[in-house]
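Chemist: Structure for this input, please:
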Amino acid sequence: MKYIFLLTLLLLGCNNKTDESKFLTVSNLFSDGTILQRDTTVSIWGTSKPNIQIKIISSWIKELTVKSNNKGEWQVKIQTSEAGGPHSLMIYSENERISIKDILFGEVWLAAGQSNMEMDFNYCCNTTDKAESEILNTDISEIRMFNVKKKLSYTPVDKIEGKWVKASREEITSFSAIGYFFAKNLYKELNVPIGIIHASWGGSRAEAWTSNEVFQELNKYKSSLQEKEKESKENLELRNWLKEHKSIPLPSSGFDLFLGEYLRKVKPEMNYMSFYLDNWKALDYLGMDNIQNPNKNKNWIELDSENSIDKALSSNNFRGVALFKNILLINDTNQDFQLEIQPEKNMPWGLWEYDIYFNGTKIGSSLIDTDSNDYEFNKTLKVYKIKKEDLTNGENQIIIRTLGQTRLGEIKISENQTDEPIILGNWSVSVIAEEFFQVENYEYPYMSLFNYENKNINFSKIPPKSYLTHKTFSSLFNGMLNPMIPFTIKGAIWYQGETNVEVGGPNFENYKELMPLMISDWRSRWGSDFPFYFAQVSPYFNYQGMLPYFQNAQSSLLHTIQNTEMVVTNDIGENYDIHPSNKHDVGYRFSRFALKNEYNFDIKAGGPIYSHNKINGEKIEIYFNPDLEGLSIKPKKTTGFEISGAGKKYLKASVNIVDNYLEIFSEKIKEPLYVRYAWSDTANAILFDLEGWPASCFTTE
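Modeler: Okay, here's the model as predicted:
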């Protein structure tokens, strides 16, 4: 049988167009290096000409035949065997054929979520721990990852982009670090190939990963769905229009710059600001041709006395890069002049950067020519001197290039000696680029500048603005998850929620209602009640006090969704970085749940989860999940426990460990009613079980 198969491959392989089929396709999930779930039935699917026979010949089972439907779609189920390989697969119809080599049978898991799942071994300014060691020493060809290319869609799509990559030295750089460490520990314990399908998007909301059908079942989302349907038509027109202009990805978000300035003061060793600054400096060319040759450009629009670009362009809160031009008449070039600039009154919060040019020479900059130690996100009054050598008798050109919010600000030019402002005429504006959400090839921060320089743009003809983003309902389910269904998986690990902290509260009822429906929907579509393990969001200073409420909502999912587990991360967070570098512990904890629940290892997994309490006089007894063997508090000198009476005014509490429960009390509260633990954005774990697993935050309210 083996020799017959090899001979068949040899004969069919004589045609050099084997993998250049015009009509015959197979999902990219089935490509060289694929790992398929062992000892089960898997589906393989693709497209071809309508109503023709498709043959599948594999190295491990007899030939299968299926007929494509009227749309040219075909799907076949095939049995896999025990772990191992490599195997080969041939798919052919009429004169077209596709060969797939180096297929392994093993364990396949989905890793999904937002940036903490996306974080790889070269992520931003805080790469994962152990990166250098893993890249230098890892060579495990039986661990492979398929990174799903980012894609947004209002409707479900069928095509998935990506490829299988082996865990071999620098090849792991692009791996999800959590997915990698999860796979590595499974491989160590199971000694079988491990495949990870990784689909994540930093900053995404849970709603984006949920199918449209789930929202249709919930009346509260009816108006949102109607609005989305309307927007989908507008957005298609807008995206097609934007594709006609060069896209320049922004180096970072405005919040990154704001955070960089803040962290410079509280955690200077992170050097967060300098990571982005060089990339911003690289944008200095924008508009330079018009700055040096302002009269060459005929696309100047004269503004009224309010200097409103929105009024001039018939737009709403236009953002991007623009040049503001004016003329200063000078009769005596021996005088000293200065220019003052500050934000206009009621300037909305957000990125507003500027560069000031006098007769083509830059005399001031808020960002591009600024040292990282001097940068200020929230602008204040700045004074820039105009050197005598930059002056010209008669007309002098002033150009201010703004980036971000397209607003001129308040400008005052005066002679140094008199401080009397020089009256200028109306300003003119030339639009260089518009800032908008990327339309393809998405990269952080997912915003681009679409270049309009030296183009005659009729702004009244630009399609209405509507955003399709990684927060839009169902956008990521449609674009990234739907095309992988029904690829057989063993289970899913999930790290998402940071963005949902920003939009929910105080009880996060929408999140608690949505997550069970999302998971149930996924399981239904895959046809499997697979395990769903999720990570709790880590401590971070900027959640406006809402993190413990969200963490508590995450804990509640364990009681409402079957076959779930939660990885607690309160002990490995970094208060001033939303992306903690410790990803090996997260991956390890995920793997322990899998080994215990799915592979029948006799091991401990998971830490103390609050169960119930009893009020016993002046003390409150706190009990945890029933298989708890003991508790410890580290370090013993500090406490994350608080206690209150009827007024819910919490005070620090004392704690006694009694076997497998706690006694919480305070000499100042004689009739206690409530206890809470780790109840702040930056609360770090101090409560552990005897094996070192941290407890989640909790409240008895």
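Chemist: just checking, S31 touches E161?
Modeler: No - contact criterion CB atoms under 8 Å: S31 and E161 do not qualify, at 11.0 Å. Using the backbone N, CA and C atoms, a C-beta is placed for each residue, glycine as well.
Chemist: between these two, who's got more neighbours?
Modeler: Between S31 and E161, S31 has the larger neighbour count (other CB atoms under 10 Å), namely 18 against 12.
Chemist: Please report the distance of that one from L64.
Modeler: For S31, the distance to L64 equals 19 Å [CB to CB, to the nearest Å].
Chemist: same question, Y576
Modeler: Taken as CB to CB, the span from Y576 to L64 is 56 Å.
Chemist: which residues of the stretch 201-350 of the chain score low on pLDDT?
Modeler: The stretch 201-350 of the chain contains no residues with pLDDT under 70.
Chemist: go on, the stretch 401-550 of the chain?
Modeler: 417.
Chemist: Do a quick rundown of the helices in it.
Modeler: Remark: helices assigned in the stretch 401-550 of the chain by DSSP state H, counting those that start in this stretch are 475-476, 498-501, 509-526, 547-560.
Chemist: Out of the ones you listed, which is the most enclosed?
Modeler: Among the helices of the stretch 401-550 of the chain, the stretch with the highest mean neighbour count (mean count of other CB atoms under 10 Å) is helix 475-476, at a mean of 28.
Chemist: before we move on, the earlier item: I'd like the helices of the stretch 401-550 of the chain as JSON lines, with distance to K614 appended.
Modeler: Formatted as JSON lines, the helices of the stretch 401-550 of the chain follow (distance: least, CB to CB, whole Å):
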{"stretch": "helix 475-476", "distance to K614": "44"}
{"stretch": "helix 498-501", "distance to K614": "31"}
{"stretch": "helix 509-526", "distance to K614": "26"}
{"stretch": "helix 547-560", "distance to K614": "19"}
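Chemist: closest to M90 out of the ones you listed?
Modeler: Of all the helices of the stretch 401-550 of the chain, it is helix 509-526 that lies closest to M90, at 26.5 Å by CB to CB.
Chemist: Select, out of the helices of the stretch 401-550 of the chain, the one closest to Y221.
Modeler: helix 509-526 (9.3 Å).
Chemist: which residues are in contact with the closest one?
Modeler: 206-207, 209-211, 213-214, 217-218, 220, 481, 485-486, 488-489, 492, 497, 500, 504, 529-530, 532, 550, 553, 556-557, 560-561, 564 (CB atoms under 8 Å, 6 or more residues apart in numbering).
Chemist: And the buried ones among those, selectable in ChimeraX?
Modeler: With 16 or more other CB atoms under 10 Å as the criterion, this ChimeraX line picks the buried residues out of these:
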select :206,207,209,210,211,214,481,485,488,489,492,497,500,504,530,532,550,553,556,557,561,564
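Chemist: which strand is the longest one in the protein?
Modeler: Longest strand in the chain, counting residues (DSSP state E): strand 96-113.
Chemist: for that strand, the distance to its chain's centre please.
Modeler: 25 Å (CA atoms, centre = their mean, to the nearest Å).
Chemist: which one of the helices of the stretch 401-550 of the chain lies closest to L250?
Modeler: helix 498-501 (18.6 Å).
Chemist: Excluding chain neighbours, what is closest to the residue nearest to the spatial centre of the chain?
Modeler: For the chain, the residue nearest the mean C-alpha position is G202 (0.4 Å; CA atoms, centre = their mean). Distance criterion CB to CB, 6 or more residues apart in numbering; nearest residue to G202, sequence neighbours excluded, is S115 at 3.2 Å.
Chemist: So H87 belongs to a strand, correct?
Modeler: Yes - counting by DSSP: H, G, I helix; E, B strand; the rest coil, H87 is part of a strand.
Chemist: Kindly tell me how buried the nearest residue to it once chain neighbours are set aside is, as a neighbour count.
Modeler: Nearest residue to H87, sequence neighbours excluded (CB to CB, 6+ apart): I103, at 4.2 Å. Applying other CB under 10 Å, we find 23 residues neighbouring I103.
Chemist: I figured I103 hits Q37, correct?
Modeler: No - the criterion here is CB under 8 Å, and I103 misses it with Q37 at 11.7 Å.
Chemist: first to last residue in stretch 405-416, what's the distance?
Modeler: In stretch 405-416, first residue to last residue: 30 Å (CA to CA, to the nearest Å).
Chemist: Just give me how far it sits from the chain centre.
Modeler: The answer for stretch 405-416 is 37 Å, by CA atoms, centre = their mean.
Chemist: likewise stretch 492-509?
Modeler: Distance of stretch 492-509 from its chain centroid, counting by CA atoms, centre = their mean, is 13 Å.
Chemist: how about that stretch as PDB, C-alpha atoms only?
Modeler: What follows is stretch 492-509 as a C-alpha-only set of coordinates in PDB (Å, rounded to 0.1, in the frame of the first residue of the first chain):
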ATOM      1  CA  ALA A 492      -9.100  26.600  23.300                       C
ATOM      2  CA  ILE A 493      -7.000  28.900  25.500                       C
ATOM      3  CA  TRP A 494      -8.100  32.500  25.700                       C
ATOM      4  CA  TYR A 495      -6.500  35.600  27.000                       C
ATOM      5  CA  GLN A 496      -8.700  38.600  26.400                       C
ATOM      6  CA  GLY A 497     -10.600  41.200  28.500                       C
ATOM      7  CA  GLU A 498      -8.400  44.300  28.900                       C
ATOM      8  CA  THR A 499     -10.500  46.200  26.400                       C
ATOM      9  CA  ASN A 500     -13.700  45.100  27.900                       C
ATOM     10  CA  VAL A 501     -12.700  46.500  31.300                       C
ATOM     11  CA  GLU A 502     -12.800  49.900  29.600                       C
ATOM     12  CA  VAL A 503     -16.400  49.600  28.400                       C
ATOM     13  CA  GLY A 504     -18.200  47.700  31.100                       C
ATOM     14  CA  GLY A 505     -18.900  48.100  34.800                       C
ATOM     15  CA  PRO A 506     -19.600  48.100  37.600                       C
ATOM     16  CA  ASN A 507     -20.900  44.500  37.400                       C
ATOM     17  CA  PHE A 508     -20.100  43.800  33.800                       C
ATOM     18  CA  GLU A 509     -23.400  42.200  33.200                       C
END
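Chemist: Show me the helices in the stretch 151-300 of the chain, by range?
Modeler: Going by DSSP H, counting those that start in this stretch, the stretch 151-300 of the chain shows helices at 177-190, 212-216, 222-242, 254-266, 272-281, 288-292.
Chemist: related to what we said a few turns ago, out of the helices of the stretch 401-550 of the chain, which is closest to E629?
Modeler: Across these (criterion: CB to CB), the nearest stretch is helix 547-560, sitting at 19.3 Å.
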